[in-house]
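# Predicted structure and sequence below. I'll ask about it afterward.
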Amino acid sequence: MFGSSLRPSEIEDNYRITLAAGVLDVVKKQLPRGAELGSLRVAMRLRKPIDGAVRDTKQLNQVNDATRMSTGGPPTMLGRKFIVTITVVEARGLKTKSGANLSKIAPFYQYEFFTHPEFVSKIGSGPDAKFGETTSYDFAINDGSLNYLERQNLDINIVDDNAPIGGLARGGQGTGDETDLEDLIGTCSIPLASIAAGKGIDREFDVRNDRNESCGKLLVKIVVIDTLKSQV
């Protein structure tokens with residue numbers, strides 16, 4: 001999801017503070033309208049880079065189009081309805097590129113499964129953060145959903161909520177280093193093809209940063225329930 005542009009999109013600028021219409025008369029008498037009172041430095045960071053969001057939206061639209069045009073699938077899978085539960089159990093040995101105090105990192109994760117809304121986890125603590133959050137999804141098998149399972153991976157992005165943004169550390173102090181301002185720790189990519197066969201997943205996955213360096217592990221469990229079989 002974060003592709004080659006893993007660095008979060010940032011907007012940073014300085015703004016002048018001036019008097020505007022409607023201020024108190026006593027202030028007007030002291031300073032002329034439009035007088036500069038100072039400056040304000042503003043830094044904002046998007047959780048998802050703009051190019052990644054555009055690419056994901058395009059892919060999502062293609063999946064939706066294929067789903068709407070679906071005329072069937074493999075005879076053994078056509079019409080099947082699954083319940084897919086995704087559990088991110090815990091992180092193991094997370095580390096940042098900056099080498100910051102790992103005991104102070106506050107990781108959380110984010111992902112999007114098929115056409116379902118984005119999921120954002122609670123905030124954990126430390127490099128071995130415990131999550132244990134489970135989310136369930138209804139999943140009907142057709143051409144569009146099969147195409148998704150066979151060709152796409154589930155990308156889980158791990159983010160440090162305590163990372164500085166826009167050149168500012170906590171408390172508004174400049175870091176002086178523009179190269180280690182990313183809050184994205186890394187991404188683990190999970191192949192989904194086994195789900196199409198009704199098979200679950202229970203294993204560790206490598207977390208890799210934008211330099212393709214290993215920066216920890218993520219334990220993920222995916223359970224697939226065939227609703228037709230569960231009714232028998």
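Nice, thanks for sending it over.
# Surely residue 119 touches residue 111?
Yes. Between residue 119 and residue 111 there is a contact at 5.8 Å, judged by CB atoms under 8 Å. Heads up, the C-betas are built off the backbone N, CA and C, glycines and all.
# Now do the shared contacts for those two.
Residues touching both residue 119 and residue 111 (CB atoms under 8 Å, 6 or more residues apart in numbering): residue 86.
# which one of the two has more residues nearby?
More crowded of residue 119 and residue 111, by other CB atoms under 10 Å: residue 111, with 21 against 16.
# any idea how far the more buried one is from residue 95?
Between residue 111 and residue 95 the distance is 21 Å, computed by CB to CB, to the nearest Å.
# Next, the closest residue to residue 113 other than its chain neighbours: secondary structure please.
Among residues not flanking residue 113 along the chain, residue 137 sits closest, at 5.8 Å (CB to CB, 6 or more residues apart in numbering). For residue 137, the assignment made with DSSP: H, G, I helix; E, B strand; the rest coil gives strand.
# Run a quick neighbour tally on residue 137.
Residue 137 sits with 14 neighbouring residues when counted by other CB under 10 Å.
# what sits against it?
With CB under 8 Å, 6+ apart, residue 137 has these contacts: 83-86, 113-114, 116.
# change it to 7 Å
Listed by CB atoms under 7 Å, 6 or more residues apart in numbering, the contact partners of residue 137 are 84, 113, 116.
# so where do the strands sit in the protein?
Counting by DSSP state E, the chain has strands at residues 10-18, 36-45, 81-92, 107-111, 119-120, 130-140, 153-160, 184-191, 201-208, 214-226.
# Let me have these in a markdown table, adding distance to residue 147 and mean pLDDT as columns.
Below are the strands of the chain laid out as a markdown table (distance: least, CB to CB, whole Å; pLDDT from 0 to 100):
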| stretch | distance to residue 147 | mean pLDDT |
| --- | --- | --- |
| strand 10-18 | 34 | 66 |
| strand 36-45 | 33 | 67 |
| strand 81-92 | 15 | 96 |
| strand 107-111 | 19 | 97 |
| strand 119-120 | 21 | 97 |
| strand 130-140 | 13 | 96 |
| strand 153-160 | 13 | 96 |
| strand 184-191 | 14 | 95 |
| strand 201-208 | 19 | 97 |
| strand 214-226 | 17 | 96 |
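# okay, the ones you listed in a markdown table with distance to residue 101 next?
Formatted as a markdown table, the strands of the chain follow (distance: least, CB to CB, whole Å):
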| stretch | distance to residue 101 |
| --- | --- |
| strand 10-18 | 23 |
| strand 36-45 | 21 |
| strand 81-92 | 16 |
| strand 107-111 | 14 |
| strand 119-120 | 24 |
| strand 130-140 | 19 |
| strand 153-160 | 11 |
| strand 184-191 | 14 |
| strand 201-208 | 19 |
| strand 214-226 | 15 |
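# And those strands: which comes nearest residue 99?
Closest to residue 99 of those, according to CB to CB: strand 214-226, at 11.2 Å.
# counting contacts, what elements does that closest one pack onto?
Applying 3 or more CB pairs under 7 Å, 6 or more residues apart in numbering; DSSP states H and E, one finds that strand 214-226 contacts strand 81-92, strand 184-191, strand 201-208.
# Of all those strands, which one is nearest residue 144?
Using CB to CB, these put strand 81-92 closest to residue 144, at 14.1 Å.
# Return the list of helices and strands in contact with that closest one.
Secondary-structure packing of strand 81-92 (3+ CB pairs under 7 Å, 6+ apart): strand 130-140, strand 214-226, helix 227-230.
# which of the ones you listed is buried the deepest?
strand 214-226 (a mean of 18; mean count of other CB atoms under 10 Å).
# Kindly calculate the angle that that strand makes with strand 153-160.
With axes from the mean of the first three to the mean of the last three CA atoms, to 10 degrees applied, the angle from strand 214-226 to strand 153-160 works out at 130 degrees.
# Done for today, thanks.
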